[in-house]
Every structure is written in C-alpha cells, then in structure tokens.
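[1] turn this into a structure:
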Amino acid sequence: MASKGFTGCDDFAIGGSFLSHIELSHFERQQASPPSVIVIGGGISGIAAARALSNASFRVTLLESRSRIGGRVDTDYSFGCPVDMGASWLHGVCNENSLAPLIRVLGLKLYRTSGDNSVLYDHDLESYALFDKDGQQVPQQLVIEVGELFERILKETTKVREEHTADMSILEAIAIVLDRNPQLRQEGLANEVLQWYICRMEAWFAADVDKISLQNWDQEHVLTGGHGLMVQGYYPVIKALAKDLDIRLNHRVKRIIQRPNRVVITVENGTTFVADAAIITVPLGVLKANLIEFEPKLPDWKLSAISDLGVGNENKIALHFNKVFWPNVEVLGVVAPNSYACGYFLNLHKATGNPVLVYMAAGSFAYDIERLSDEEAVRFVMSQLKKMLPDATEPTQYLMSRWGSDPDSLGSYSCDLVGKPADLCQRLQAPVDNLYFAGEATSTDHSGSVHGAYSAGIDAAEECRKRLSVRHGISDLFKIVCREEMTEPPHGDLFALSSHGFGDQRRARRRTREDAAVKDGEEVEDAEVDEAGLVGTGEDFNVEVEVRPSEGEEVGPLGAERRVEVAMTRMRKGKGKGGEEVGEGRRRRGSGRLGGGGIRRR
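    All right, here's what the predicted structure looks like:
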C-alpha cells in the first residue's frame, strides 16, 4: 500500500532513482501535483510549519530524527501523570500569545506561577521558601527586601549600558553598579539570597551571568498575563497539531543538496527525499555542530549567525514521592555564597496535585550535572533537598534530562552572547533560496519560547507558500487561512482552574502512521505505530476539544478540526482582529523556554 504524503508522488523518490525525477519540466511538475515541501525537525516549530502547509493543500513530509515527536517539548507519563522534561510554561497568558487560542480550543489548563511579567523577580514572594545550608528557612521579609534590591541593581545596569559602547556581561555590569553604589552590597545571608536571585536569572537564560550580553539581555518582547504552567503537559498541543501529518520518525537528516527549484535530502539510513523546498527547524545546537552537510555550503552571513548566536543549557531532575512532605509553596530554594551552589525545586504538587518535585539546573552547572550518572545526580539533588528538609523521604521514581549532550538538541535554547551582533535571529531566519529556517532561535521577539518557535514555524511556512505558489502559478489557490469564517475565541481567563488547577484526564487511543524506511527501490508500505511510541512513555493523553459551531454548522470531528485550524490562524506576527497591532508587553530577552522548562526557560 502506498503511504500518504510524498510517497507515491511523481516528485518524490528514494535511493538511487531520484535523478530521473529531477529532470521533470516545470510544466510537468505543475500539472502533476501541488508543491512539495520537506520539513526537517519534529519539534513544535516544524510541526506548526507542516500543519500550516498541509492545511494549504501542499504535499508535506516531516523528517524527525528521534523516535518521538515534540523535540524539546518532552512530556513524560511514566510517573502516572504528565511531567514536562523540556518546555512546560506558556509565557504570556494573554490573547496576544500565538498559542493561546489553540490551548483554549483544546481545553487545556494552566497554573499561574507568576502574576507579573518579570522574568527575574516574582512579586508573589510567598510562593518561595528559601533555606540556608543549615536548613534554616530564610525570613520572608529578607527574601522580599533582597528581591527588590536585585531589581534595583538590574535597573542600574541600564545606565552602565548607556555609558559604554562596547558590550559586556551582566556580571561585569553588576560589578560596576556595586562599585558605584556600595550601599547595595550585601553580606552574609542577604548576599546568599542575592546569589539565589542571580541563580534564577541564569536559569531564565540557561547561561551563566558572565556569558549573558548586557546589550541584548532585556530586548525580548514579554507578553502580558504572567507565566502559566501547562498542567496536562505540552504533549496534547503537539498531538493536536500533528494529527494526520506525514511524519517519518527515526529519520536523521545528514545531507541537504540544493538544486534549481529542488532540494535533495538524504537521511542517515541512505533514504533520499526530493521536494520543491525544505524548512529546516532543527535546534541551533545541531546546526552549530555541523551535523547536517549542506551542498553548496550555506553563505557566510548564515554561517556567522549560526556561530555567533549562543546556546544555553538547562536540565531537570524530576522526583516522584509516595507522599508530600514539603511546604505548600511553588518553589523551594537553597541559598549559597555563589550562584553556582544555589539551587531550587519546582513543586508540581501545588500546580497539579501530584507528589512531584523538579530540580532545575542551568548554565555551566547543567553541563556539569550531565557528567553524572542518573543515580549520582539524584543523590546530589536529594542532598540539596535534605539540607532544607532533613526528614525528606527517598523518591519512588526519577527522571533526568540531558539536553546539552543529547545529539538531537545539543542545548536547551538560544541566548545572546557578549559582544555579538543584535541581528543574529533575523539572519538565522532568512531563507537561502529554497531553504527556509524556523525554530525558537529564529524568533526575533520570543526566542527560546514555545510560542516563539510555533510562530516561527508558521511564518516560515507562509513565506515558503508564497514563493512556491508564485512559481507554480497558484497564488490564488493556496492560502494558509481557515476556509470557514474565523470564530472569535471566548474571552475568559485562560487559567480557568479548579482547586488544584487540573482538569479531567481520560485515556484515548488512536493509530498514527510511520512510513517504513525504504532502500534501493523497495515498495513503501504503511506501518502502524501505537501513539504511546510517540510519547515515549506508554501513556496516552486525551485532548478534549470544545466545538462551538457557527449557526447551521454540523457538529462533529470535522468541526473540531476546523476549530484547531481557526486557532492556528488566530494570531500571526502580533496581529489582532482586523490586523491591528496588539500587545503591551515589555522588551525583555527570554519569555518562555524550550528545553529545560519552558522551551526557552524553565
């Protein structure tokens, strides 16, 4: 049986037989089929691009190197509950967030972990419980006072930036501020609390403060609405977007050849794919490591963007316990004389009702902890926990991410390095002929975030669609828009929480297709794969879609699919109803992280 997607189409070929297909005339290709696109990378950016082009009636195949979809969105179900080991937050819970309409349509719940836009300083400080190395809880008033002082120090670094044309690190700028304002220096326990705030800043950027650029650190647009933890995990979003797409798992791309109006892509097992264009959404770390060969090589301006943009690292160690023995706060933290020795746990029980703590490690410490075995890392984390809570019990299960050494990510998300140009994201995003680029690192305003990666995928798909439509003479036929009149989503609070902030969970099962790898002209056959294989944990998760039909519209599965399509077209490039500009957020680098906790941060 011929599988769907490119397989069986005239302009798709495998193995050594593709050369004859390249010689098809432009007219013959136009008459044969719609434009074809290969999307490389099955994270949310790649899936969003594939979904958009598929909705526009293009022929799309997505190649993913892993045995699952999602990329740095990795929801694990082995604890019997969803735990995001990568992205886990929606940063900017508001209608201007490009993902908000889809999350609302899917009926997913969010738990507010910050009611403020600040990426560094949470004004709801009662959600923190900090402890010193002797297990004594830090007085809450001191935590508040030092937090306000830290915010003042950061504001003073703006003056330093205005006075210096040359870039420097945030650490250097803080040192200048403290030299000028000795009254801001802290000693003893207060300094340890200050170091803990610096530790949190490093977690946001997934990089040490001596690596973070003073010129660019606060230049990302932060949406309003605070930060919302995805109570059911991010996988339901991935699952909804990926429905019925032609996705090839375990297809690691090794070579991309550009030809006039054609791309030839070879994967690790020797299988070759041919299409009109490709959208490359692999993580920046993979591009930096030159794991994909380009022929001809990418232009120097593109290579310099890949080289100069930084990649941070953040890891999680999730611990599942038989019972809850810790305070009912969102964050448990350990203070120390330097930020490297500080640490903190996210309390998932407060958000989801499940007895799970997640230890967060960022920057150089995240790389160091990857050098440990899982067992050694858990012992270290438990020693940190027992500093705060001496009677802590041992976990029944644990999980650990290793984003820095994972060959399919090689880091968590992008960051601005000291002394590098400010236009790197734009250059990374710019197409090279029929190669288009997406992913969190290409987002100019929301790099590192899930919604930034999602929007980047949609934008790349739109640009690809426009160019290919012109070339194929179908400009008026294919558009990435909903065929039904868009229904305005309800204006309720996105959080819509129950007492614990989680909704009903029901199991559902469906089958997805993964085309078998084919070599030397073998016939391609369909292979059914249990969806649990995509999740990687054996637990499926139901996505409840609320359908609000238009007057006279039939309610049913197709109506639900239209609602998801409507959600995808709700936001594009910060445009609101009628194309007006929306959003009142600040410019601040880092608004939601991909591989560590948010895609961009946390």
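
[2] how about stretch 419-439, which residues are buried there?
    Applying a neighbour-count criterion of 16 or more other C-beta atoms under 10 Å, one finds 420, 424-425, 427-431, 434-439 buried in stretch 419-439. Using the backbone N, CA and C atoms, a C-beta is placed for each residue, glycine as well.

[3] what's the answer for stretch 178-198, then?
    By 16+ other C-beta under 10 Å, the buried positions in stretch 178-198 come out as 184, 186, 189-198.

[4] next one: stretch 300-307
    Of all the residues in stretch 300-307, those buried under the rule 16+ other C-beta under 10 Å are 302-306.

[5] for the stretch 151-300 of the chain, give me the ranges with low pLDDT.
    Low-confidence segments of the stretch 151-300 of the chain (pLDDT under 70): none present.

[6] how about Val138, nearest residue that isn't a chain neighbour?
    Leaving out its chain neighbours, the residue that sits closest to Val138 by C-beta to C-beta, 6 or more residues apart in numbering is Leu130, at 4.2 Å.

[7] what's the burial count for that neighbour?
    Counted with other C-beta atoms under 10 Å, the neighbours of Leu130 add up to 26.

[8] then the one 4 residues further on?
    The local packing of Asp134 (other C-beta under 10 Å) involves 7 other residues.

[9] do Arg471 as well
    Other residues near Arg471 number 17, with proximity taken as other C-beta under 10 Å.

[10] what's the closest non-adjacent residue to it?
    Asn261 (6.8 Å).

[11] wait, the one you found sits on Asn434?
    Yes. With contacts counted by C-beta atoms under 8 Å, Asn261 reaches Asn434, the gap being 6.8 Å.

[12] overlap in contacts of these two?
    Taking C-beta atoms under 8 Å, 6 or more residues apart in numbering as the contact rule, Asn261 and Asn434 both touch Asp276.

[13] looking at the protein, which helix or strand is least sure?
    In the chain, the helix or strand scored least confidently by mean pLDDT, DSSP states H and E is helix 531-535, which has a mean of 27.

[14] out of the buried residues of stretch 300-307, which is nearest to Ile47?
    For the buried residues of stretch 300-307, the residue nearest Ile47 by C-beta to C-beta is Ile306; the value is 22.4 Å.

[15] what's the closest non-adjacent residue to Ile257?
    Once flanking residues are discounted, Ile257 sits nearest to Val264: 4.1 Å by C-beta to C-beta, 6+ apart.

[16] in three-state terms, label that neighbour for me.
    strand (DSSP: H, G, I helix; E, B strand; the rest coil).

[17] then Ile198?
    With three-state DSSP as the basis, Ile198 sits in helix.

[18] likewise Lys159?
    What three-state DSSP gives for Lys159 is helix.

[19] for it, give its distance to Ser33.
    Going from Lys159 to Ser33 by C-beta to C-beta, to the nearest Å gives 60 Å.

[20] also Leu385?
    For Leu385, the distance to Ser33 equals 58 Å [C-beta to C-beta].

[21] looking at the two, which has the bigger crowd around it?
    Neighbours were counted for Leu385 and for Ser33 using other C-beta under 10 Å; Leu385 has more, 23 against 15.

[22] so what's that one up against?
    Listed by C-beta under 8 Å, 6+ apart, the contact partners of Leu385 are 319, 332, 345, 357, 359, 392.

[23] between these, which is closest to Leu178?
    Nearest to Leu178 out of the contacts of Leu385 is Leu332 (C-beta to C-beta; 28.1 Å).

[24] surely the closest one is in a helix?
    No. Assignment of Leu332 by three-state DSSP gives strand, placing it outside any helix.

[25] burial of it, as a residue count?
    Close neighbours of Leu332, defined as other C-beta under 10 Å, add up to 22.

[26] how about Pro283: what's its closest non-neighbour residue?
    Ser409 (4.9 Å).

[27] nearest spatial neighbour of Val253, skipping sequence neighbours?
    Ile40 (5.1 Å).

[28] my guess is the one you found contacts Ala277. True?
    No. With contact defined as C-beta under 8 Å, Ile40 does not reach Ala277; the gap is 11.2 Å.

[29] quick one, which of those two is more surrounded?
    Neighbour totals were compared for Ile40 and Ala277, and Ile40 leads with 29 against 26 (other C-beta under 10 Å).

[30] what does the more buried one show for phi and psi?
    Here is the backbone geometry of Ile40 (degrees, to the nearest 10): phi -110, psi 110.

[31] next one: the one 3 residues further on
    When read as degrees, to the nearest 10, the backbone of Gly43 gives phi -80, psi -170.

[32] contact partners for it?
    Applying C-beta under 8 Å, 6+ apart to Gly43 gives the contacts 70-73, 281, 283, 439, 453, 594, 599.

[33] return the set of residues that bridge with it.
    Assessed by DSSP bridges, Gly43 has beta-bridge partners Gly70.

[34] equivalent analysis for Gln397, please.
    Assessed by DSSP bridges, Gln397 has beta-bridge partners His320.

[35] what sits against it?
    Gln397 makes contact with 78-79, 319-320 under the criterion C-beta under 8 Å, 6+ apart.

[36] so what are the domain limits for the protein?
    The record's domain split for the chain, according to automatic domain parsing, is 15-71+232-309+419-587, 119-220+314-402.

[37] what's the helix or strand harbouring His349 in contact with?
    For His349, the element it lies in under DSSP states H and E is helix 348-352. Residues outside helix 348-352 that contact it (C-beta under 8 Å, 6+ apart): 81-83, 111, 113, 229, 231, 324, 326, 328-330, 354-358, 500-502.

[38] filter those to the buried ones?
    Buried members of those, counted by 16+ other C-beta under 10 Å: 81-83, 111, 113, 229, 231, 326, 329-330, 354-358, 501-502.

[39] relative to Gly473, how far out is the nearest residue to Phe321 once chain neighbours are set aside?
    In space, Phe321 comes closest to Pro355 once its chain neighbours are excluded; the distance is 4.6 Å by C-beta to C-beta, 6+ apart. Pro355 is 60 Å from Gly473, where distance means C-beta to C-beta.

[40] can you check Gly270 too?
    Look at Gly270 and Gly473: by C-beta to C-beta, they are 35 Å apart.

[41] more crowded one of those two?
    Set Gly270 next to Gly473 and count neighbours by other C-beta under 10 Å: Gly270 wins out with 14 against 11.

[42] how much space between that one and Glu64?
    Distance of Gly270 to Glu64, given as C-beta to C-beta: 17 Å.

[43] again, but for Leu53
    Taking C-beta to C-beta, one finds Leu53 at 16 Å from Glu64.
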